[in-house]
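Engineer: Prediction below, plus the sequence it came from.
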Amino acid sequence: MIKTKIDGIQLFCLMVVFMLGSALLLDIGKGAKQDAWLVPLSASFFGCLLFLVYIYLYKKYPESPLTEYTIKIFGKYVGSIISFCYVIYIASRVLRDFEELLTSTTYYRTSIVTVGICMIFALIYAICVGIEGFSRVTCLCFSIILITFLTLNSLYIIGGYIKVENLQPVLGGGIKKVWKELFLLGMTVPFGELITFTMILPYLNKTSKALKVGLFAIVISGLWLSFNGLVLTSVLGADTTLRSTFPAFTAASHINIGNFIQRLDTFIIVLMVMLGFVKIAIYFFCAVIGASGLFRIKASPPFIYFIGIIIFFSSLMIAPSYQAHIAEGLKVVPYFFHLPFHIGIPLLLLVTAYIKQKIKPAAL
(Lines give C-alpha, C1' and ligand atoms only; values in the text may rest on other atoms or scores of the structure.)
Protein backbone atom coordinates (compact mmCIF):
# COMPACT_ATOMS: atom_id res chain seq x y z
CA MET A 1 0.00 0.00 0.00
CA ILE A 2 1.47 3.36 -1.07
CA LYS A 3 1.19 6.13 1.47
CA THR A 4 -0.78 8.81 -0.36
CA LYS A 5 -2.92 11.66 0.93
CA ILE A 6 -6.65 12.33 1.11
CA ASP A 7 -8.43 15.69 1.39
CA GLY A 8 -11.13 16.94 3.76
CA ILE A 9 -14.09 16.01 1.52
CA GLN A 10 -12.83 12.46 1.12
CA LEU A 11 -12.32 12.16 4.88
CA PHE A 12 -15.85 13.47 5.48
CA CYS A 13 -17.38 10.91 3.08
CA LEU A 14 -15.32 8.09 4.60
CA MET A 15 -16.42 9.01 8.12
CA VAL A 16 -20.13 9.48 7.33
CA VAL A 17 -20.48 6.26 5.31
CA PHE A 18 -18.50 4.41 8.00
CA MET A 19 -20.75 5.70 10.81
CA LEU A 20 -23.95 4.99 8.89
CA GLY A 21 -22.70 1.48 8.11
CA SER A 22 -24.73 -1.20 9.84
CA ALA A 23 -26.32 1.39 12.19
CA LEU A 24 -28.51 2.73 9.36
CA LEU A 25 -29.85 -0.72 8.51
CA LEU A 26 -30.12 -2.22 12.00
CA ASP A 27 -31.62 0.99 13.50
CA ILE A 28 -29.44 1.21 16.60
CA GLY A 29 -31.50 2.28 19.63
CA LYS A 30 -34.77 0.70 18.51
CA GLY A 31 -35.15 -0.78 22.00
CA ALA A 32 -36.32 2.69 23.09
CA LYS A 33 -39.35 2.09 20.81
CA GLN A 34 -40.96 5.37 19.69
CA ASP A 35 -38.07 7.32 21.22
CA ALA A 36 -35.42 5.44 19.20
CA TRP A 37 -34.60 8.61 17.26
CA LEU A 38 -33.36 10.27 20.47
CA VAL A 39 -30.58 7.68 20.92
CA PRO A 40 -28.33 8.61 17.95
CA LEU A 41 -29.11 12.30 18.49
CA SER A 42 -27.85 12.09 22.08
CA ALA A 43 -25.01 9.73 21.21
CA SER A 44 -23.56 12.17 18.67
CA PHE A 45 -22.78 14.55 21.56
CA PHE A 46 -20.72 11.85 23.28
CA GLY A 47 -19.22 11.01 19.89
CA CYS A 48 -17.94 14.59 19.58
CA LEU A 49 -16.33 14.38 23.04
CA LEU A 50 -14.63 11.10 22.18
CA PHE A 51 -13.41 12.48 18.88
CA LEU A 52 -11.77 15.40 20.71
CA VAL A 53 -9.69 12.82 22.60
CA TYR A 54 -8.71 11.10 19.34
CA ILE A 55 -7.80 14.45 17.76
CA TYR A 56 -5.62 15.48 20.70
CA LEU A 57 -3.59 12.28 20.31
CA TYR A 58 -3.45 12.70 16.53
CA LYS A 59 -2.11 16.26 16.78
CA LYS A 60 0.62 15.13 19.18
CA TYR A 61 1.64 12.37 16.75
CA PRO A 62 0.40 13.56 13.31
CA GLU A 63 2.56 11.15 11.33
CA SER A 64 1.84 8.05 13.42
CA PRO A 65 -1.18 5.73 13.55
CA LEU A 66 -2.68 4.64 16.88
CA THR A 67 -0.63 1.43 17.06
CA GLU A 68 2.63 3.38 16.84
CA TYR A 69 2.00 6.13 19.37
CA THR A 70 0.51 3.61 21.81
CA ILE A 71 3.99 2.06 21.95
CA LYS A 72 5.59 5.52 22.30
CA ILE A 73 3.30 6.44 25.22
CA PHE A 74 3.02 3.11 27.09
CA GLY A 75 6.43 1.69 26.23
CA LYS A 76 7.53 -1.17 24.01
CA TYR A 77 6.03 -4.14 25.84
CA VAL A 78 2.71 -2.82 27.19
CA GLY A 79 2.17 -0.69 24.07
CA SER A 80 2.83 -3.63 21.74
CA ILE A 81 0.31 -5.84 23.58
CA ILE A 82 -2.39 -3.15 23.43
CA SER A 83 -1.61 -2.41 19.76
CA PHE A 84 -1.86 -6.13 18.95
CA CYS A 85 -5.29 -6.26 20.63
CA TYR A 86 -6.45 -3.38 18.42
CA VAL A 87 -5.16 -5.14 15.30
CA ILE A 88 -6.74 -8.55 15.96
CA TYR A 89 -10.21 -7.03 16.42
CA ILE A 90 -10.49 -6.47 12.69
CA ALA A 91 -13.39 -6.47 10.28
CA SER A 92 -14.71 -9.95 11.11
CA ARG A 93 -17.76 -8.86 13.14
CA VAL A 94 -18.93 -6.33 10.57
CA LEU A 95 -18.30 -8.81 7.73
CA ARG A 96 -20.45 -11.36 9.59
CA ASP A 97 -23.22 -8.74 9.98
CA PHE A 98 -23.44 -8.22 6.25
CA GLU A 99 -22.96 -11.89 5.36
CA GLU A 100 -26.00 -12.69 7.49
CA LEU A 101 -27.94 -9.71 6.14
CA LEU A 102 -27.44 -10.75 2.51
CA THR A 103 -28.06 -14.47 3.04
CA SER A 104 -31.24 -13.87 5.07
CA THR A 105 -32.81 -11.47 2.55
CA THR A 106 -31.94 -11.59 -1.15
CA TYR A 107 -29.36 -14.40 -1.29
CA TYR A 108 -31.19 -16.84 0.96
CA ARG A 109 -30.17 -19.81 -1.23
CA THR A 110 -26.51 -18.85 -1.14
CA SER A 111 -24.22 -20.09 1.62
CA ILE A 112 -22.61 -17.61 3.98
CA VAL A 113 -19.20 -18.94 2.90
CA THR A 114 -19.83 -18.03 -0.76
CA VAL A 115 -20.99 -14.51 0.11
CA GLY A 116 -18.00 -14.04 2.42
CA ILE A 117 -15.49 -15.18 -0.21
CA CYS A 118 -16.94 -12.82 -2.84
CA MET A 119 -16.84 -9.88 -0.43
CA ILE A 120 -13.33 -10.58 0.84
CA PHE A 121 -11.82 -10.75 -2.66
CA ALA A 122 -13.46 -7.44 -3.57
CA LEU A 123 -12.12 -5.97 -0.33
CA ILE A 124 -8.60 -7.23 -0.99
CA TYR A 125 -8.67 -5.52 -4.39
CA ALA A 126 -9.83 -2.26 -2.76
CA ILE A 127 -6.99 -2.38 -0.21
CA CYS A 128 -4.40 -3.06 -2.92
CA VAL A 129 -5.64 0.01 -4.82
CA GLY A 130 -4.76 2.22 -1.84
CA ILE A 131 -6.50 4.70 0.44
CA GLU A 132 -6.65 7.53 -2.11
CA GLY A 133 -8.40 5.51 -4.81
CA PHE A 134 -10.71 3.93 -2.25
CA SER A 135 -11.62 7.37 -0.86
CA ARG A 136 -12.68 8.57 -4.32
CA VAL A 137 -14.96 5.55 -4.72
CA THR A 138 -16.41 6.22 -1.26
CA CYS A 139 -17.31 9.78 -2.32
CA LEU A 140 -19.28 8.28 -5.23
CA CYS A 141 -20.93 5.78 -2.87
CA PHE A 142 -21.86 8.64 -0.52
CA SER A 143 -23.69 10.41 -3.38
CA ILE A 144 -25.59 7.25 -4.34
CA ILE A 145 -26.52 6.51 -0.71
CA LEU A 146 -27.79 10.07 -0.19
CA ILE A 147 -29.89 10.04 -3.39
CA THR A 148 -31.33 6.60 -2.56
CA PHE A 149 -32.15 7.67 0.99
CA LEU A 150 -33.92 10.83 -0.20
CA THR A 151 -35.83 8.87 -2.87
CA LEU A 152 -37.10 6.26 -0.43
CA ASN A 153 -38.16 8.86 2.12
CA SER A 154 -39.97 10.86 -0.57
CA LEU A 155 -41.89 7.72 -1.54
CA TYR A 156 -42.86 7.10 2.09
CA ILE A 157 -44.41 10.59 2.13
CA ILE A 158 -46.05 10.34 -1.32
CA GLY A 159 -47.51 6.90 -0.51
CA GLY A 160 -48.90 8.10 2.85
CA TYR A 161 -46.88 5.61 4.87
CA ILE A 162 -45.75 8.18 7.43
CA LYS A 163 -47.93 7.95 10.55
CA VAL A 164 -46.90 10.56 13.11
CA GLU A 165 -49.03 8.91 15.80
CA ASN A 166 -46.52 6.03 15.84
CA LEU A 167 -44.02 8.46 17.39
CA GLN A 168 -46.27 9.31 20.32
CA PRO A 169 -46.02 9.68 23.23
CA VAL A 170 -42.55 11.22 23.27
CA LEU A 171 -40.63 9.86 26.28
CA GLY A 172 -43.72 7.89 27.22
CA GLY A 173 -41.54 5.31 28.95
CA GLY A 174 -39.39 7.97 30.57
CA ILE A 175 -35.75 8.82 29.99
CA LYS A 176 -34.65 5.46 31.43
CA LYS A 177 -35.31 3.50 28.21
CA VAL A 178 -33.39 6.02 26.11
CA TRP A 179 -30.46 5.95 28.53
CA LYS A 180 -30.45 2.14 28.54
CA GLU A 181 -30.05 2.15 24.74
CA LEU A 182 -27.58 5.01 24.85
CA PHE A 183 -25.26 3.37 27.39
CA LEU A 184 -23.22 1.59 26.29
CA LEU A 185 -24.04 0.43 22.79
CA GLY A 186 -25.48 3.73 21.53
CA MET A 187 -22.36 5.66 22.53
CA THR A 188 -19.87 3.27 21.00
CA VAL A 189 -21.73 2.19 17.85
CA PRO A 190 -21.04 3.91 15.59
CA PHE A 191 -19.34 6.94 17.20
CA GLY A 192 -16.84 5.09 19.40
CA GLU A 193 -15.81 3.09 16.34
CA LEU A 194 -14.18 6.27 15.04
CA ILE A 195 -11.10 5.08 16.95
CA THR A 196 -10.30 3.33 13.66
CA PHE A 197 -9.75 6.73 12.03
CA THR A 198 -6.73 7.31 14.26
CA MET A 199 -5.08 4.92 11.78
CA ILE A 200 -6.26 6.90 8.74
CA LEU A 201 -5.85 10.53 9.93
CA PRO A 202 -2.07 10.49 9.18
CA TYR A 203 -3.07 10.24 5.50
CA LEU A 204 -4.92 13.60 5.67
CA ASN A 205 -3.20 16.25 3.53
CA LYS A 206 -3.89 19.07 6.02
CA THR A 207 -3.72 18.32 9.73
CA SER A 208 -5.73 21.44 10.57
CA LYS A 209 -8.83 20.03 8.80
CA ALA A 210 -9.14 16.94 10.99
CA LEU A 211 -11.09 18.49 13.89
CA LYS A 212 -13.55 20.53 11.80
CA VAL A 213 -14.25 17.74 9.28
CA GLY A 214 -14.57 15.08 11.99
CA LEU A 215 -17.01 16.99 14.19
CA PHE A 216 -19.11 18.00 11.17
CA ALA A 217 -19.24 14.36 10.02
CA ILE A 218 -20.36 13.22 13.49
CA VAL A 219 -23.14 15.83 13.67
CA ILE A 220 -24.40 14.99 10.16
CA SER A 221 -24.32 11.25 10.89
CA GLY A 222 -26.15 11.74 14.19
CA LEU A 223 -28.89 13.78 12.49
CA TRP A 224 -29.09 11.27 9.62
CA LEU A 225 -29.45 8.28 11.94
CA SER A 226 -31.96 10.15 14.10
CA PHE A 227 -34.09 11.04 11.07
CA ASN A 228 -33.85 7.44 9.86
CA GLY A 229 -35.14 6.27 13.24
CA LEU A 230 -38.05 8.72 13.02
CA VAL A 231 -39.02 7.50 9.55
CA LEU A 232 -38.77 3.77 10.30
CA THR A 233 -40.78 4.07 13.51
CA SER A 234 -43.45 6.22 11.87
CA VAL A 235 -43.78 3.76 8.96
CA LEU A 236 -43.62 0.44 10.83
CA GLY A 237 -44.64 1.37 14.35
CA ALA A 238 -42.47 0.88 17.43
CA ASP A 239 -43.36 -2.79 18.03
CA THR A 240 -42.76 -3.93 14.43
CA THR A 241 -39.49 -2.00 14.28
CA LEU A 242 -38.34 -3.67 17.49
CA ARG A 243 -39.20 -7.17 16.25
CA SER A 244 -37.72 -6.68 12.79
CA THR A 245 -34.13 -7.84 12.29
CA PHE A 246 -33.58 -5.29 9.50
CA PRO A 247 -36.22 -2.52 9.84
CA ALA A 248 -35.04 -0.59 6.77
CA PHE A 249 -35.55 -3.66 4.58
CA THR A 250 -38.99 -4.31 6.08
CA ALA A 251 -40.11 -0.69 5.62
CA ALA A 252 -38.98 -0.53 1.97
CA SER A 253 -40.88 -3.74 1.17
CA HIS A 254 -44.13 -1.96 2.21
CA ILE A 255 -43.92 0.62 -0.59
CA ASN A 256 -46.54 0.07 -3.28
CA ILE A 257 -47.72 3.16 -5.14
CA GLY A 258 -50.38 2.51 -7.77
CA ASN A 259 -49.25 -1.11 -8.14
CA PHE A 260 -46.42 0.34 -10.24
CA ILE A 261 -43.72 1.56 -7.85
CA GLN A 262 -43.05 -1.44 -5.63
CA ARG A 263 -40.43 -4.02 -4.63
CA LEU A 264 -38.04 -1.24 -3.63
CA ASP A 265 -36.30 -3.45 -1.10
CA THR A 266 -33.75 -3.87 -3.92
CA PHE A 267 -32.62 -0.33 -3.12
CA ILE A 268 -31.91 -1.45 0.44
CA ILE A 269 -29.77 -4.30 -0.88
CA VAL A 270 -27.73 -1.76 -2.88
CA LEU A 271 -27.38 0.39 0.23
CA MET A 272 -26.35 -2.49 2.45
CA VAL A 273 -23.68 -3.67 0.01
CA MET A 274 -22.18 -0.17 -0.28
CA LEU A 275 -22.34 0.61 3.43
CA GLY A 276 -21.01 -2.78 4.42
CA PHE A 277 -18.23 -2.74 1.84
CA VAL A 278 -16.94 0.69 2.91
CA LYS A 279 -17.12 -0.06 6.64
CA ILE A 280 -15.37 -3.43 6.37
CA ALA A 281 -12.76 -1.97 4.00
CA ILE A 282 -11.88 0.78 6.51
CA TYR A 283 -11.42 -1.83 9.24
CA PHE A 284 -9.37 -3.85 6.75
CA PHE A 285 -7.16 -0.83 5.98
CA CYS A 286 -6.58 -0.27 9.69
CA ALA A 287 -5.72 -3.93 10.27
CA VAL A 288 -3.15 -3.86 7.44
CA ILE A 289 -1.64 -0.53 8.56
CA GLY A 290 -1.46 -1.64 12.20
CA ALA A 291 -0.12 -5.14 11.53
CA SER A 292 2.51 -3.98 9.03
CA GLY A 293 3.80 -1.36 11.48
CA LEU A 294 3.64 -3.62 14.52
CA PHE A 295 5.43 -6.57 12.90
CA ARG A 296 7.60 -4.37 10.64
CA ILE A 297 6.34 -6.08 7.49
CA LYS A 298 5.78 -4.24 4.21
CA ALA A 299 2.09 -4.06 3.24
CA SER A 300 2.58 -6.09 0.07
CA PRO A 301 -0.24 -7.93 -1.78
CA PRO A 302 0.63 -11.31 -0.17
CA PHE A 303 0.45 -9.70 3.28
CA ILE A 304 -2.93 -8.10 2.40
CA TYR A 305 -4.22 -11.50 1.23
CA PHE A 306 -3.07 -13.02 4.52
CA ILE A 307 -4.97 -10.41 6.58
CA GLY A 308 -8.02 -10.91 4.32
CA ILE A 309 -7.98 -14.67 4.97
CA ILE A 310 -7.84 -14.03 8.74
CA ILE A 311 -10.84 -11.65 8.48
CA PHE A 312 -12.84 -14.18 6.45
CA PHE A 313 -12.28 -17.17 8.74
CA SER A 314 -12.75 -15.03 11.85
CA SER A 315 -16.17 -13.92 10.56
CA LEU A 316 -17.25 -17.57 10.31
CA MET A 317 -15.84 -18.66 13.67
CA ILE A 318 -16.89 -15.81 15.97
CA ALA A 319 -20.39 -17.28 16.48
CA PRO A 320 -22.18 -20.53 15.59
CA SER A 321 -25.35 -18.73 14.46
CA TYR A 322 -26.69 -15.27 13.71
CA GLN A 323 -28.68 -15.25 16.96
CA ALA A 324 -25.51 -16.01 18.94
CA HIS A 325 -23.62 -13.38 16.94
CA ILE A 326 -26.20 -10.70 17.77
CA ALA A 327 -26.41 -11.73 21.44
CA GLU A 328 -22.62 -11.52 21.71
CA GLY A 329 -22.62 -8.13 20.00
CA LEU A 330 -25.22 -6.74 22.43
CA LYS A 331 -24.16 -8.31 25.73
CA VAL A 332 -20.43 -9.09 25.53
CA VAL A 333 -18.66 -6.87 22.98
CA PRO A 334 -19.83 -3.45 24.34
CA TYR A 335 -18.42 -4.13 27.82
CA PHE A 336 -15.33 -6.23 27.04
CA PHE A 337 -14.20 -4.46 23.87
CA HIS A 338 -16.02 -1.19 23.17
CA LEU A 339 -15.71 0.24 26.68
CA PRO A 340 -11.96 -0.38 27.13
CA PHE A 341 -10.78 0.07 23.52
CA HIS A 342 -13.04 2.91 22.39
CA ILE A 343 -13.14 4.89 25.63
CA GLY A 344 -10.87 3.58 28.39
CA ILE A 345 -7.52 3.15 26.61
CA PRO A 346 -7.80 6.41 24.55
CA LEU A 347 -8.49 8.35 27.77
CA LEU A 348 -5.56 6.62 29.46
CA LEU A 349 -3.35 7.46 26.47
CA LEU A 350 -4.50 11.08 26.70
CA VAL A 351 -3.74 11.36 30.43
CA THR A 352 -0.38 9.56 30.13
CA ALA A 353 0.73 11.68 27.16
CA TYR A 354 -0.27 14.87 29.03
CA ILE A 355 1.61 13.83 32.19
CA LYS A 356 4.72 12.90 30.18
CA GLN A 357 4.58 16.29 28.44
CA LYS A 358 4.47 18.07 31.81
CA ILE A 359 7.16 15.93 33.46
CA LYS A 360 9.66 16.15 30.60
CA PRO A 361 10.24 19.97 30.72
CA ALA A 362 10.41 19.80 34.52
CA ALA A 363 13.12 17.15 34.34
CA LEU A 364 15.13 19.32 31.97
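Structural biologist: Okay, I see it. These numbers come from a predicted model, not from an experiment. Numbering: from 1, shown residues only.

Engineer: what comes up buried for the helix ranked longest in the chain?
Structural biologist: Counting residues, the longest helix found in the chain (DSSP state H) is helix 265-294. Residues of helix 265-294 classed as buried by neighbour count (16 or more other C-beta atoms under 10 Å): 265, 267-269, 271-294. Quick note: C-beta positions are derived from backbone N, CA and C, even for glycine.

Engineer: after it comes which helix or strand?
Structural biologist: The element immediately downstream of helix 265-294 (helix or strand, assigned by DSSP states H and E) is helix 301-317.

Engineer: what's downstream of that following helix, the next helix or strand?
Structural biologist: That would be, after helix 301-317 and using DSSP H and E, helix 322-331.

Engineer: now the residue lying closest to Thr198 once chain neighbours are set aside: how far from Pro346?
Structural biologist: Leaving aside its sequence neighbours, Thr198 sits nearest to Leu66 (C-beta to C-beta, 6 or more residues apart in numbering; 4.0 Å). Distance of Leu66 to Pro346, given as C-beta to C-beta, to the nearest Å: 9 Å.

Engineer: Overlap of the contact sets of these two?
Structural biologist: Leu57, Ile195 (C-beta atoms under 8 Å, 6 or more residues apart in numbering).

Engineer: Please say which of these two ends up with more neighbours.
Structural biologist: Leu66 (30 against 21; other C-beta atoms under 10 Å).

Engineer: Help me confirm that that one comes into contact with Ile195.
Structural biologist: Yes: judged on C-beta atoms under 8 Å, Leu66 makes contact with Ile195 at a distance of 7.1 Å.

Engineer: residues shared between the contacts of the two?
Structural biologist: Shared contacts of Leu66 and Ile195, defined by C-beta under 8 Å, 6+ apart, are found at Tyr86.

Engineer: Asn55 - nearest residue in space that isn't next to it in sequence?
Structural biologist: Let me fix one detail, which is that residue 55 is Ile and not Asn. Leu211 (5.1 Å).

Engineer: Tell me if I'm right that that neighbour and Tyr56 touch.
Structural biologist: No: with contact defined as C-beta under 8 Å, Leu211 does not reach Tyr56; the gap is 9.5 Å.

Engineer: Who are the contact partners of Glu63?
Structural biologist: Glu63 is in contact with Pro202, counting by C-beta under 8 Å, 6+ apart.

Engineer: hang on, it in a strand?
Structural biologist: No: counting by DSSP: H, G, I helix; E, B strand; the rest coil, Glu63 is not part of a strand but coil.

Engineer: next one: phi and psi at it?
Structural biologist: Main-chain dihedrals, Glu63, degrees, to the nearest 10: phi -100, psi 0.

Engineer: pLDDT score for it?
Structural biologist: At Glu63, the model reports a pLDDT of 87.

Engineer: now do the one 5 residues further on
Structural biologist: Model confidence at Glu68, given as pLDDT, is 89.

Engineer: just checking, it touches Ser292?
Structural biologist: No: Glu68 is beyond contact range of Ser292, at 10.9 Å (criterion: C-beta under 8 Å).

Engineer: Walking through this structure, point out its strands one by one.
Structural biologist: 256-257, 261-262 (DSSP state E).

Engineer: In CSV: those strands, plus distance to Phe227.
Structural biologist: Putting the strands of the chain into CSV (distance: least, C-beta to C-beta, whole Å) gives the following:
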stretch, distance to Phe227
strand 256-257, 21
strand 261-262, 22
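
Engineer: Redo those strands as TSV? Include mean neighbour count and distance to Ser314.
Structural biologist: Putting the strands of the chain into TSV (neighbours: other C-beta atoms under 10 Å; distance: least, C-beta to C-beta, whole Å) gives the following:
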stretch	mean neighbour count	distance to Ser314
strand 256-257	14	41
strand 261-262	13	39
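
Engineer: and the ones you listed, which one is worst for confidence?
Structural biologist: strand 261-262 (a mean of 80).

Engineer: same for that strand, what does it pack against?
Structural biologist: Packing contacts for strand 261-262, counted by 3 or more C-beta pairs under 8 Å, 6 or more residues apart in numbering; DSSP states H and E, involve no helix or strand.

Engineer: so what strands line up beside it?
Structural biologist: Counting by DSSP bridges, the strands paired with strand 261-262 are strand 256-257 (antiparallel).

Engineer: ok so, going back, helices and strands around the longest helix of the chain, which ones?
Structural biologist: Helix 265-294 sits against helix 8-26, helix 66-74, helix 76-88, helix 92-104, helix 112-129, helix 131-158, helix 247-253, helix 301-317, with contacts defined as 3+ C-beta pairs under 8 Å, 6+ apart.

Engineer: Out of those, the one nearest Thr352 is which?
Structural biologist: Smallest distance to Thr352 across the helices and strands packed on helix 265-294 (C-beta to C-beta): 5.2 Å, for helix 66-74.

Engineer: Now do the buried residues in that closest one.
Structural biologist: Buried residues in helix 66-74 (16+ other C-beta under 10 Å): Leu66, Thr67, Glu68, Tyr69, Thr70, Ile71, Ile73, Phe74.

Engineer: tell me the angle of the longest helix of the chain relative to helix 8-26?
Structural biologist: Comparing the axes of helix 265-294 and helix 8-26 via axes from the mean of the first three to the mean of the last three C-alpha atoms, to 10 degrees yields an angle of 120 degrees.

Engineer: now helix 265-294, how far from the chain's geometric center?
Structural biologist: From the chain centre to the centre of helix 265-294 is a distance of 9 Å (C-alpha atoms, centre = their mean, to the nearest Å).
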